[in-house]
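> what follows is a predicted structure for the sequence shown.
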Amino acid sequence: MEHASAPVGDIALHYSLCRGQPEQPWVILCHGFPGLAYSWRHQLPALAEAGFNAVAFDQRGYGRSSRPLAPAVYDSQHTVNDVLGLMDHLGLAQAVLVGHDFGAAQVYNVAVRHPSRVSAVVGVACPYDFDLAGRGGAGATPSPGTDYGRAFARPDKAPSTCFAEVAARHFYHMHYYQEPERPERELARAPRLFLTRLFWALCADGHLLDWTRFSTEGHNYLDVLADPAIALPWPWMSEVDMDTYVEEFTRCAAGAEFIGGINSYRVADRNWEVGKAWADAKVTPPSLFIAGSEDPVLQMIGTDALEVLARCSSDLRGIELIPRAGHFVQQEQPAAFNAALLRFLATL
């Protein structure tokens with residue numbers, strides 16, 4: 001595995017690379033929050049062994065990449081340009097893009113806005129038209145009686161307004177992240193505890209607490225995340241893995257530990273405005289969607305999101321729901337995930 005840094009605009013992106021056969025396609029892996037290039041540790045060697053050239057990078061604001069503090073430089077225009085800039089640095093006219101969580105929004109945006117650069121696209125955990133993808137809010141409104149669901153997918157109302165409406169009833173993490181300085185300060189006090197609780201809450205073995213029991217006033221994100229029922233190591237994450245996450249998130253000045261994820265939430269309104277130009281766009285490259293069957297994010301948004309995904313995709317070649325996996329499907333069930341990805345790549 002090679003490690004290097006790519007200059008992209010005003011920042012540098014750290015990346016890890018496993019080479020396959022020179023003539024085979026390149027696959028770029030884009031993580032979400034909380035994630036790192038390390039989140040694809042099971043995919044990089046498997047792709048290279050199958051002949052593909054695989055690259056995973058630390059997103060801006062994460063790990064060993066630059067961590068600008070201003071929220072404005074985390075909008076969808078910047079994150080799209082990060083992928084294109086990395087491709088230019090590697091001399092790639094096209095690549096297969098794979099994105100998890102916020103990375104899914106990122107790769108879908110590249111596919112919609114620059115389809116000539118994308119030979120295929122794979123969304124993981126968060127389908128197209130979801131997760132602040134920046135398409136002008138097109139799609140379904142929240143389901144009746146559902147506080148979470150697609151509370152930010154309203155075409156007639158800015159995301160932050162929707163967040164505030166939910167937060168008027170109880171704690172809501174998307175509203176919490178809009179506050180200046182507070183999330184940085186509170187999460188930096190206990191980075192290991194935050195990462196451990198968040199990874200546990202969203203994995204197949206964990207569970208989310210009922211946030212309707214927590215008021216917005218007087219509670220922070222740590223308060224609404226349960227302690228794991230079992231100590232590390234978990235079946236899919238070792239002590240060494242967690243040490244790596246903590247070390248990479250905290251190799252920065254105080255307050256910037258989680259700036260990449262926090263600012264990705266803060267630009268929801270900006271992405272909503274920018275995305276209006278592509279509100280009716282479809283994903284035209286060949287595509288695949290993979291998620292864990294027990295992913296609480298997918299359970300909250302409902303199966304209608306997959307129906308929207310199918311309608312908005314010109315060449316959707318499959319929806320793979322992997323058993324015994326939650327939100328971090330590529331880490332929780334890497335063998336099944338890799339098999340699904342390689343089956344799709346074989347169709348290209």
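Received the coordinates, thanks.

> buried residues in the helix or strand bottoming out on mean pLDDT in the chain?
Evaluated with mean pLDDT, DSSP states H and E, the helix-and-strand set of the chain has its lowest mean pLDDT in helix 296-301, which scores a mean of 83. Residues 296, 297, 298, 300, 301 are the ones in helix 296-301 that count as buried (16 or more other CB atoms under 10 Å). Every residue, glycine included, has its C-beta placed from N, CA and C.

> how much space between the closest residue to the first one other than its chain neighbours and residue 227?
By that I understand residue 296. Across the structure, with CB to CB, 6 or more residues apart in numbering as the measure, the residue nearest residue 296 apart from its sequence neighbours is residue 208 (5.2 Å). When distances are taken as CB to CB, to the nearest Å, residue 208 and residue 227 turn out to be 13 Å apart.

> compare those two (neighbour count), which wins?
Neighbour comparison, residue 208 and residue 227: the larger count goes to residue 208, with 16 against 10 (by other CB atoms under 10 Å).

> now name the helix or strand holding that one.
Secondary-structure assignment from DSSP states H and E places residue 208 in no helical or strand segment.

> so what's it up against?
By CB atoms under 8 Å, 6 or more residues apart in numbering, the residues touching residue 208 are 201, 202, 226, 296.

> quick one, grab the pLDDT at it.
Confidence per residue is given as pLDDT, and for residue 208 that number is 86.

> distance check, the residue nearest to residue 296 against residue 200.
Note on residue 208: its distance to residue 200, by CB to CB, is 10 Å.

> now do the shared contacts for these two.
Common neighbours of residue 208 and residue 200 (CB under 8 Å, 6+ apart) are residue 226.

> so residue 347 makes contact with residue 315?
No - taking contacts as CB atoms under 8 Å, residue 347 lies outside contact range of residue 315: 9.9 Å.

> of these two, who's got more company?
Counted by other CB under 10 Å, residue 347 and residue 315 do not tie: residue 315 has more neighbours, with 14 against 11.

> roughly how far apart are the residue nearest to residue 296 and residue 35?
From residue 208 across to residue 35, the span is 18 Å (CB to CB).

> then residue 334?
Here residue 334 is placed at a distance of 14 Å from residue 35 (CB to CB).

> those two: which is more packed in?
In terms of neighbours (other CB under 10 Å), residue 35 is the more surrounded of residue 334 and residue 35; the figures are 27 against 17.

> wait, that one touches residue 103, no?
Yes - proximity of residue 35 to residue 103 meets the contact threshold set by CB under 8 Å, at 7.2 Å.

> name the residues contacting each of these two.
Counting by CB under 8 Å, 6+ apart, the common neighbours of residue 35 and residue 103 are residue 59.

> ok, residue 62 - how many residues close by?
Neighbours of residue 62 (other CB under 10 Å): 29.

> next, the contact list for the nearest residue to residue 127 once chain neighbours are set aside, please.
Spatial nearest neighbour of residue 127, excluding adjacent residues (CB to CB, 6+ apart): residue 309 at 4.0 Å. Residues near residue 309 by CB under 8 Å, 6+ apart: 123, 127, 128, 129, 289, 316, 319.

> pLDDT weak spots in the stretch 101-250 of the chain?
130-155 (pLDDT under 70).

> redo that, cut-off 50
Counting by pLDDT under 50, the ranges of the stretch 101-250 of the chain that qualify are 131-151.

> mind listing the helices for it?
Applying DSSP state H, counting those that start in this stretch to the stretch 101-250 of the chain gives helices spanning 102-113, 159-167, 173-176, 182-188, 191-202, 239-249.
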